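Undergrad: whatever this is, show me its structure:
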Amino acid sequence: MSDLAILDELTVESILSHLKERYDGDQIYTYVGDILIAINPYQTLPLYSSKIQTKYLRCQRADHDPHIYYLAYNAYEAMLRTKSNQAFVISGESGGGKTESTKFLVNHVIELCKASNKELEDRITQLNPLIEAFGNAKTVMN
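TA: Next comes the predicted model:
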């Protein structure tokens with residue numbers, strides 16, 4: 001089940017059970033309504049290739065598995081449609097993958113910009129050193 005919001009009974013036990021089942025199948029992304037839960041696999045998974053990224057350049061949520069690329073696409077499309085700023089809230093434990101998730105979001109938005117918005121692409125690209133600076137702390141987890 002890729003969206004836990006449709007569970008008949010939303011309990012801690014049912015959520016954890018479904019998340020574990022997906023994680024055991026290398027499906028680290030799961031929706032809960034509009035929220036994307038990402039569980040750090042602490043290993044490299046084939047989820048970020050250019051082929052997969054291309055799938056999320058123009059897509060509908062129902063057509064693909066939950067993925068951070070879809071969040072980037074959805075926010076980018078909302079920004080263009082509403083002409084308003086978009087924001088991501090990324091939360092988690094130290095060493096849990098927040099910086100990596102941010103990099104994937106930023107890189108996908110840059111890919112989305114390449115076709116139509118060079119100025120925005122350049123402005124977003126300038127964020128990478130800032131993201132790196134905040135995400136390079138050594139922790140017990142990394």
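
Undergrad: low pLDDT regions in the chain?
TA: The model of the chain has pLDDT under 70 over residues 115-142.

Undergrad: show me the helices in it, by range?
TA: With DSSP state H, the ranges of helices along the chain come out as 12-24, 50-55, 68-82, 98-114, 118-125, 128-135.

Undergrad: quick one: list the elements packing against the fourth one.
TA: Yep, that's helix 98-114 we're talking about. helix 68-82, helix 118-125, helix 128-135 (3 or more Cβ pairs under 8 Å, 6 or more residues apart in numbering; DSSP states H and E). (Glycine included, C-beta is placed from N, CA and C.)

Undergrad: next, format the helices of the chain as TSV and append mean neighbour count and distance to residue 62.
TA: Listed next are the helices of the chain as TSV, based on neighbours: other Cβ atoms under 10 Å; distance: least, Cβ to Cβ, whole Å:
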stretch	mean neighbour count	distance to residue 62
helix 12-24	13	17
helix 50-55	13	13
helix 68-82	18	10
helix 98-114	19	19
helix 118-125	13	27
helix 128-135	12	30
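
Undergrad: tabulate the ones you listed (a markdown table), appending distance to residue 32.
TA: Below are the helices of the chain laid out as a markdown table (distance: least, Cβ to Cβ, whole Å):
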| stretch | distance to residue 32 |
| --- | --- |
| helix 12-24 | 8 |
| helix 50-55 | 22 |
| helix 68-82 | 13 |
| helix 98-114 | 16 |
| helix 118-125 | 27 |
| helix 128-135 | 25 |
